[in-house]
Structure formats: C-alpha cells, structure tokens
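[1] Task: produce atomic coordinates for the following.
(one chain, ligands or ions: 1)
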Amino acid sequence: MERAFQRTQVLTNHLLKSSSPLPSQTLSSNACLSYSPPELSENYAFDVKEMRTLIDGHNLEERDWLFGLMKQSELFNPKVKGGKVFVSPDYNQSMEQQREMTLKRIKYLQERGVFKGWLTEKGEEIEMRKFAGFEVFSIYDHSLFTKLGVHFPMGGAIQFCGTKHHHDKWLRDTENYSIKGCFAMTELGHGSNIRSLETVTTYDSNTGEFVINTPCESAQKFWIGGAAKHATHTVVFSQLHINGINQGVHAFIVQIRDVDGNICPNIRIADCGHKIGLNGVDNGQIWFDNVRVPRENLLNSVADVSPDGKYLSSIKNPDQRFTAFMAPMTVGRVNIAIGAVYQSKVALAITIRYALTRRAFSLKPNELEVLLLDYPSHQRRLFPLVAKTYAMSFAANYLKVLYAKRTPQSNKAIHIVSSSFKATFTWNNMQILQECREACGGQGLRTENRVGHLKGEHDVQSTFEGDNFLLMQLVSKALFSEYMAAQKRNKVFKGLGLEHMNKPCPDIPSQLTSTTLRCSQFQMDALCSRERDLLNCFVADVLKCKAKGENTEQAFNTCYELAKDLGRAFSERAIFQTFVEAESTLPAGSLKGFNPCHLCTRRERFASSSAFDVLGTLRSLYASICIEDVSFLRYGETLEECNLMDIGFSGVWYTWERGNLQETNIRERLDRRVANAE
Ligand SMILES: Cc1cc2nc3c(=O)[nH]c(=O)nc-3n(C[C@H](O)[C@H](O)[C@H](O)COP(=O)(O)OP(=O)(O)OC[C@H]3O[C@@H](n4cnc5c(N)ncnc54)[C@H](O)[C@@H]3O)c2cc1C
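    Next up is the predicted model:
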C-alpha cells in the first residue's frame with residue numbers, strides 16, 4: 001500500500017513537472033527562437049501613420065476608440081504580451097458559450113454608445129462611421145461582425161423599405177438593441193432564387209391584418225442569423241397574394257419572441273446547429289403558422305395594401321418592383337466585401353511576421369539558417385497577395401464612398417460594383433487565408449494563431465448575401481445590357497468605368513521596356529483591352545445563341561464561361577482603377593518614393609533599390625497578377641499580343657526583383673523564349 005502511494009507520488013510529481021514550462025537554464029537561447037517584432041528591428045523607410053491613413057481611409061479616431069473599448073473589457077479576452085494588449089475570442093468555448101459571449105459583447109458596445117445614430121441618423125458621415133465600426137468588428141471576430149451584420153440590415157430594411165411610421169416605431173429600439181433583429185429571407189427550398197420563395201402572405205380586410213404562412217416544408221426559413229436563440233423581431237420576405245393574385249416578394253416586420261425570450265404564438269423555431277465556423281451566431285429555422293400582423297407591418301416604400309385590401313404600387317412592372325425592393329439590401333454585400341479585406345490584412349500581417357522570425361535551412365555549411373522571408377519563393381508566394389490586399393483596400397474605400405453618397409441614379413452602379421467586389425474580395429480572401437495557413441507551416445493550424453481558424457470562419461462569405469458565382473454572372477449580364485443599350489440608342493458608354501469602350505483599342509507598344517511595364521497607363525490599357533475583348537466576345541456569343549433560337553437566359557447559360565471571365569476582367573479593371581486614383585491623390589513624399597517592399601529593408605538585394613516607390617510597385621505587381629490571367633492569353637487577338645502579356649507578367653517581376661534594370665528590353669527576353677520554345 002505504501003509502495004503504491006510512493007509510486008503515485010512520483011508519477012504526480014513527474015506529470016506536474018512535465019506540464020510546466022521547461023526551466024530556461026536547461027536550453028540556451030537559439031537564433032531560431034529569438035523574435036523581435038519587425039516594428040522594433042526594422043527601419044521603416046516610410047511613415048506608417050501616413051500609410052494607415054491612406055489605406056484605412058476614414059474615421060481613424062473612431063476605430064482607435066473602439067479598439068480601446070475592446071481592450072478594456074474582460075469580455076474581449078485581453079492578454080498582455082510583450083507590453084502590448086491583444087484581444088481575441090476564447091477559442092476553447094462551446095457553441096453555446098460563443099453565442100452568449102457574442103450577445104454580451106454587443107450589449108457592452110451598445111451601452112458605451114457605439115451604435116448611437118446608426119439607424120436614427122442619416123447621411124454620409126454616419127454611413128462611414130458604420131463601415132469603420134464593421135471593419136473593426138471584423139478584425140476582432142467574424143461572429144460579432146455577422147451578428148451585427150444581420151441585426152443592422154434588418155434595421156436598414158425598415159429604414160429603406162419602410163416609411164415614416166415604421167421609422168418612428170422601430171428604429172430607435174432597434175438601434176439601442178432592445179429589439180434584437182434578424183433577416184428572414186432564405187428558405188430551405190430557395191436561397192439564391194429569392195423570387196421563388198414559397199412563404200405566402202394574404203390580407204384579411206375584416207381585421208386589417210396580414211396572415212403569414214409557411215405552406216410546406218421547403219418554405220421554412222433557413223439559416224436565419226440570430227433566430228435560433230436571441231432575435232425578438234424579424235423582417236420576413238414572402239410572396240404577397242392579394243385577391244388571389246401573387247404580387248411578388250414583399251417584406252413584413254414580425255415579432256418572434258417576447259421580452260422574456262419566449263417564442264411567440266404560431267411561430268416555431270429550430271436551431272441550425274454547429275457549423276464549420278461562425279459558431280458565435282445562432283442560425284435558426286422558422287415556420288410561420290398563419291401568423292397575424294397588423295397591416296402597418298408591411299414595409300411599404302415600394303407598394304402598399306389599402307385597409308379594404310387593394311394592392312397599390314406606383315411601380316407597375318413586377319421586375320422593377322422586385323429590383324426596387326432588393327436595392328437597399330446592397331449594404332450587406334458592401335459590409336462583407338470590406339470585412340474580407342481586413343481578414344486578408346490580418347492573415348498577411350501574422351504570416352509575414354512569422355516569416356520574419358522563422359528560420360529554416362542554411363544555404364552554406366555553418367551559416368545561420370535563412371529567414372523564410374529571405375527565400376525568393378516565399379516572397380513570390382506572399383508579396384502578390386500583399387499587392388492584392390492593397391488593391392482591395394483602395395477598391396473598398398471607393399465602394400464605401402459610392403454607397404455612402406448614393407443617389408437613385410447611382411443605385412445601379414452600386415448594385416453591380418458591390419456584387420463584383422464582394423465576389424472578388426471574398427474569393428481573394430479565401431485564397432490568401434489558404435496560402436497564409438500553408439506559409440505558417442504547422443503553426444498555421446493552431447487556432448490561437450488565427451490564420452487557419454479564419455478559413456472556417458470566412459468560408460461562408462462566398463455564399464451569403466449572394467452566391468459569388470451568381471453575382472459574377474449578374475455582373476456580366478449587366479455589362480451585356482449596357483452594351484446593347486449603347487448600341488441600340490447609338491450612345492456612348494457612360495458609367496461603370498466602361499468609357500474606355502468609346503475610344504479606339506489602346507496600342508500595346510512594340511518596345512516593352514521595364515519603364516513601360518511599370519507605367520500605370522500601360523497597365524490600365526492592358527486591363528481595358530482584356531475587358532473590351534471579353535465584352536465583345538460575350539455579346540457576340542450571346543447574340544449567336546439567340547439567333548439559334550435560345551432565349552436570353554438560355555444564351556447566358558450557354559456562354560457561362562465567358563460570363564465568368566468577363567466578370568473577373570471587369571472587377572480587376574475596376575479595382576485597378578481605384579488603385580491608380582488613390583495613388584494620384586497623394587503628394588510625392590514618404591509613400592511615393594521609398595523601398596519597394598518595406599518588409600525587406602534589411603535584405604541585401606533590396607538595399608540598392610531605395611529609390612523605388614512602394615505604391616507604384618505594389619500597383620505594378622497587382623497589374624501583373626491580373627495580366628497573367630489565362631483568359632487574357634486565350635482571348636488576346638494575336639499570338640504576339642498574348643506573348644506580350646505573358647512576358648509582361650514576368651517582366652514586372654523581373655524588374656522588381658532586380659530593382660535597377662530600368663532599361664532592360666523585355667522584348668529581347670520574349671524573343672529568346674519564343675526561339676527556345678521553337
Ligand atoms: C452561416 C450562414 C448564415 C446565413 N445567414 C442568413 C440570414 O441571416 N438570412 C438569410 O436570409 N439567409 C442567410 N443565409 C443563407 C444564404 O444567404 C444562402 O445560403 C445563399 O443565398 C445561397 O443559397 P443556397 O444556400 O440555397 O444555395 P443554392 O441557391 O442552392 O446554390 C447552391 C450552388 O448552386 C449554384 N447555383 C445556383 N443557381 C445557379 C444557376 N442559376 N446557375 C449556376 N449555378 C447556380 C450556386 O452558385 C451555388 O454554388 C445564411 C447562410 C449561411 C450558411
């Protein structure tokens with residue numbers, strides 16, 4: 001017995017020791033474990049604050065205040081490391097705990113006045129404040145971002161689809177979170193195809209009430225963020241049947257829980273359960289069993305029903321009415337797009353810091369192992385993604401302003417640009433997260449290091465608020481309509497950046513020197529040529545299909561591949577344009593005219609390149625990634641043009657890497673390559 005006790009004692013001591021950190025004197029510090037944050041050891045050749053002002057773009061103080069609020073509260077799990085406070089969710093929490101935590105965080109922020117004016121004030125300033133807020137939430141946690149991203153759009157639907165009595169009745173309570181909102185559009189049977197929703201609402205003129213019903217299982221609302229646990233109200237999207245005529249999809253405010261959180265009569269709710277990410281959001285299913293709501297709960301800015309049951313709308317065309325209903329919903333898409341940019345920034349910041357710390361292999365015997373970021377292959381993996389993220393930042397800033405300053409005339413452009421940017425940014429984001437995960441090796445898989453975890457959290461971005469694939473098709477269809485309208489009325493292209501179509505096709509210079517390749521005009525010409533080429537091909541192919549008897553939808557279906565390429569070409573040209581515009585607004589100074597890659601200031605081979613201009617280099621890099629696109633090669637008019645584009649890509653890289661080869665004639669390299677190939 002005593003021996004057994006002794007053995008247990010020995011084992012207990014052993015286990016206790018092995019679970020505590022190893023005593024430091026047993027291991028000497030090794031170069032591969034020493035870490036100094038780049039901001040301490042690197043001599044930045046540019047003004048970091050100036051760069052932040054440029055890429056964050058607006059409401060910097062507001063953002064810092066929000067970060068400060070998070071750092072002050074235990075709810076945001078603050079931890080002090082190296083004299084700095086870091087906040088991040090506790091990744092060990094269960095789904096239920098994460099949901100409760102998200103709710104508590106929202107309440108904490110609300111009590112400190114973060115959402116003040118978000119629904120009750122109007123104008124550009126408040127819109128930009130909201131965007132800044134969403135960007136900060138997205139840096140912290142996708143669940144916080146998304147839970148607010150379904151609550152405030154419900155408020156937005158009331159704001160835009162409702163009229164004064166809705167505003168007076170609902171907006172203040174929604175803003176101060178005494179009403180917790182959700183947005184019930186998707187059904188089990190219909191997600192992308194919203195026009196075919198199966199929920200049915202009829203009007204009872206005897207009581208002056210609408211009656212909302214889920215007539216079949218496929219009509220149950222599905223995936224509704226906030227519905228499973230917390231939401232008290234929802235905006236329901238439903239077909240409106242008046243006197244036996246279906247007037248199409250309309251939106252109604254419905255209370256689904258009372259103040260104590262009990263589910264209201266004739267409503268059934270189920271939980272969608274655990275997801276691959278975003279578990280701090282309680283997604284739910286909802287069934288409406290002939291739920292009655294007052295006539296006033298129809299959001300009636302576009303259409304109304306009179307007390308005696310007459311359908312009234314100034315928009316007679318059902319297609320236009322549907323578009324008018326959906327127009328205010330673009331804000332969700334804008335928010336997702338801007339959130340994706342910040343996720344890319346988070347992942348790249350973590351990965352590049354890791355690459356500035358981690359050493360692997362020596363190139364010569366007995367030499368210090370090489371830092372990951374000193375490997376050209378590692379630079380090649382990460383720097384194009386940095387360039388992409390800068391480009392997306394400028395494009396996001398443009399999109400926010402476009403939305404904040406919206407007018408009825410700009411709604412179409414917002415719809416098309418937000419669709420294209422949402423799809424492009426979220427796809428880019430997933431590509432960046434995957435590359436970053438791999439570039440962090442095994443550490444990328446540790447949840448605490450965020451990068452791998454973010455993949456699961458953000459995967460849904462390509463699906464909600466419009467499936468990316470379908471959004472890109474929508475963009476191409478819109479471009480087709482622009483083209484046909486311009487031709488039919490014999491008018492010039494105006495808007496969406498398509499004005500280049502009014503000019504002759506740009507010339508690609510025969511002598512492509514590195515200076516030409518780095519010139520923004522050449523890059524813009526190249527991207528415009530690709531867009532022009534694809535748009536011409538797409539229109540020609542759709543018209544050919546129609547001539548063979550297909551209707552327009554069938555023709556779009558047949559030409560899906562061109563539609564996809566055209567959507568991408570439009571996006572990349574539009575994004576690039578915002579880069580050039582952002583650059584042109586800057587005075588020459590710290591951000592124009594320093595080392596091409598501040599991440600590499602201590603690398604010898606960049607030491608001689610201090611005359612470079614970081615934004616110009618990142619812009620060239622972004623252009624080169626786009627120009628590399630296979631579809632450009634496929635649709636280039638001549639073989640020579642294709643090859644020029646091909647060499648354009650390597651040329652930009654080549655000059656960037658070598659730094660001082662300003663006068664290299666890239667054509668010579670092309671000729672050599674073509675000769676070799678033959
Ligand atoms: C975590 C999460 C949260 C969500 N939150 C909400 C919410 O709060 N409120 C809400 O209303 N909804 C919400 N949704 C639903 C979301 O908006 C839908 O999932 C989305 O609209 C896609 O619909 P679907 O899932 O039915 O996909 P489907 O429409 O079935 O699409 C499936 C695939 O088919 C493809 N496809 C569809 N049609 C075509 C076509 N014509 N041609 C070629 N390909 C096609 C699509 O590209 C897609 O890849 C949420 C979803 C998730 C996963």
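
[2] helices and strands around the strand or helix carrying residue 418, which ones?
    Following DSSP states H and E, one finds residue 418 within helix 411-439. Applying 3 or more Cβ pairs under 8 Å, 6 or more residues apart in numbering; DSSP states H and E, one finds that helix 411-439 makes contact with helix 330-355, helix 376-404, helix 451-458, helix 468-488, helix 560-584. Where you see a C-beta, it was placed from the backbone N, CA and C, and this is true even at glycine.

[3] what residues does the stretch 351-500 of the chain put near the ligand?
    With Cβ under 6 Å from any ligand atom as the criterion, the stretch 351-500 of the chain comes near the ligand at residues 460, 463-464, 467, 469-470.

[4] my guess is residue 142 contacts residue 457, does it?
    Yes. Between residue 142 and residue 457 there is a contact under Cβ atoms under 8 Å: 4.2 Å.

[5] Can you work out which residues contact both of these two?
    277-278 (Cβ atoms under 8 Å, 6 or more residues apart in numbering).

[6] Counting neighbours, go ahead and name the busier of those two.
    Neighbours per residue, other Cβ atoms under 10 Å: of residue 142 and residue 457, the larger number sits with residue 142, 26 against 23.

[7] so who does the more buried one touch?
    Applying Cβ under 8 Å, 6+ apart, the residues near residue 142 are 277-278, 280, 339, 343, 454, 457-458.

[8] Return the distance of it relative to residue 170.
    27 Å (Cβ to Cβ, to the nearest Å).

[9] what does residue 399 give?
    Taking Cβ to Cβ, one finds residue 399 at 28 Å from residue 170.

[10] Which one of the two is surrounded by more residues?
    residue 399 (28 against 23).

[11] Next up, the contacts around that one.
    334, 337-338, 417-418, 421.

[12] still on that earlier bit, relative to residue 617, which of the helices and strands packed on helix 411-439 is closest?
    Closest to residue 617 of the helices and strands packed on helix 411-439 is helix 376-404 (Cβ to Cβ; 8.1 Å).

[13] where along the stretch 151-300 of the chain do the helices fall?
    With helices called from DSSP state H, counting those that start in this stretch, the stretch 151-300 of the chain shows them at 164-166, 172-175.

[14] Need the winner for burial among these.
    helix 172-175 (a mean of 19; mean count of other Cβ atoms under 10 Å).

[15] what about dumping the CA coordinates of it to PDB?
    In PDB, the C-alpha atoms belonging to helix 172-175 read as follows (Å, rounded to 0.1, in the frame of the first residue of the first chain):
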ATOM      1  CA  ARG A 172     -34.700  53.700 -32.100                       C
ATOM      2  CA  ASP A 173     -35.400  50.400 -30.300                       C
ATOM      3  CA  THR A 174     -33.500  48.500 -33.000                       C
ATOM      4  CA  GLU A 175     -30.600  50.900 -32.700                       C
END
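
[16] so what secondary structure elements neighbour that helix?
    Identification of packing neighbours for helix 172-175 by 3+ Cβ pairs under 8 Å, 6+ apart yields helix 142-161.

[17] Write out the residues of the stretch 101-250 of the chain neighbouring the ligand.
    Checking the stretch 101-250 of the chain against the ligand by Cβ under 6 Å from any ligand atom, the hits are 150, 183-186, 191-192, 223-225.

[18] Could you list which of those residues belong to strands?
    Among those, the members falling in strands are 183-184, 223-225 (criterion: DSSP state E).

[19] From residue 113, how far off is the closest residue to residue 378 other than its chain neighbours?
    Leaving out its chain neighbours, the residue that sits closest to residue 378 by Cβ to Cβ, 6 or more residues apart in numbering is residue 372, at 5.0 Å. Remark: distance between residue 372 and residue 113 (Cβ to Cβ) = 44 Å.

[20] Grab the most central residue of the chain for me.
    When Cα atoms, centre = their mean is applied to the chain, the residue found nearest the centroid is residue 337 (2.6 Å).

[21] hang on, the earlier thing: I'd like the contacts of residue 399 laid out as TSV, including distance to residue 359 and pLDDT.
    TSV is the format used below for the contacts of residue 399 (distance: Cβ to Cβ, whole Å; pLDDT from 0 to 100):
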residue	distance to residue 359	pLDDT
334	42	96
337	37	97
338	36	97
417	44	97
418	43	97
421	38	98
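
[22] Quick check on these: which are buried?
    334, 337-338, 417-418, 421 (16 or more other Cβ atoms under 10 Å).

[23] Nearest to residue 293, out of the residues you listed: which one, please.
    Using Cβ to Cβ, those come closest to residue 293 at residue 334, 29.6 Å.

[24] from memory that closest one sits against residue 418, does it?
    Yes. With contact defined as Cβ under 8 Å, residue 334 counts as touching residue 418 (5.1 Å).

[25] Next, show the common contact partners of the two.
    In contact with both residue 334 and residue 418: 399, 403, using Cβ under 8 Å, 6+ apart.

[26] Over to residue 450: give its phi and psi.
    The phi and psi torsions at residue 450 (degrees, to the nearest 10) take the values phi 70, psi -40.

[27] what's residue 131 in contact with, if anything?
    58-59, 334-335, 338, 400, 404.

[28] quick one on the thing from earlier: how about TSV for the buried ones among the contacts of residue 399, with distance to residue 317 added?
    As requested, the buried ones among the contacts of residue 399 are exported to TSV (distance: Cβ to Cβ, whole Å):
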residue	distance to residue 317
334	26
337	29
338	33
417	24
418	23
421	28
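
[29] Farthest pair within those residues?
    Farthest pair in those, by Cβ to Cβ: 338 and 417, 12.7 Å.

[30] In the sheet, which residues pair with residue 252? Tell me.
    Assessed by DSSP bridges, residue 252 has beta-bridge partners residue 236, residue 298.

[31] So which residues of this protein form strands?
    Under DSSP E, the chain gives strands at 78-81, 84-87, 181-184, 200-204, 209-213, 221-225, 233-242, 245-255, 267-271, 283-288, 291-294, 303-305, 311-313.

[32] so which of the ones you listed comes closest to residue 438?
    Of the strands of the chain, the one closest to residue 438 (Cβ to Cβ) turns out to be strand 84-87, at 23.7 Å.

[33] And that closest one, what's buried?
    residue 87.

[34] Sheet partners, orientation included, of it?
    Here strand 84-87 is paired, per DSSP bridges, with strand 78-81 (antiparallel).

[35] Residues touching the partner strand, excluding its own?
    70-72, 85-88.

[36] Can you pick out the most distant pair from the contacts of residue 142?
    Farthest pair in those, by Cβ to Cβ: 280 and 343, 15.5 Å.

[37] Just the closest residue of the stretch 151-300 of the chain to the ligand, please.
    residue 191 (1.9 Å; Cβ to the nearest ligand atom).

[38] Quick check, pLDDT for that residue.
    If you check residue 191, the pLDDT there is 96.

[39] ok, so what distance separates it from residue 228?
    From residue 191 to residue 228 the distance is 18 Å (Cβ to Cβ).

[40] more crowded one of those two?
    Neighbour totals were compared for residue 191 and residue 228, and residue 228 leads with 20 against 17 (other Cβ under 10 Å).

[41] How much space separates that one from residue 274?
    Separation of residue 228 from residue 274 (Cβ to Cβ) stands at 11 Å.

[42] cool, residue 559 as well?
    Distance from residue 559 to residue 274, by Cβ to Cβ: 40 Å.

[43] Which of the two has more residues huddled nearby?
    Shown here are residue 559 and residue 274; by other Cβ under 10 Å, residue 559 has more neighbours (24 against 8).
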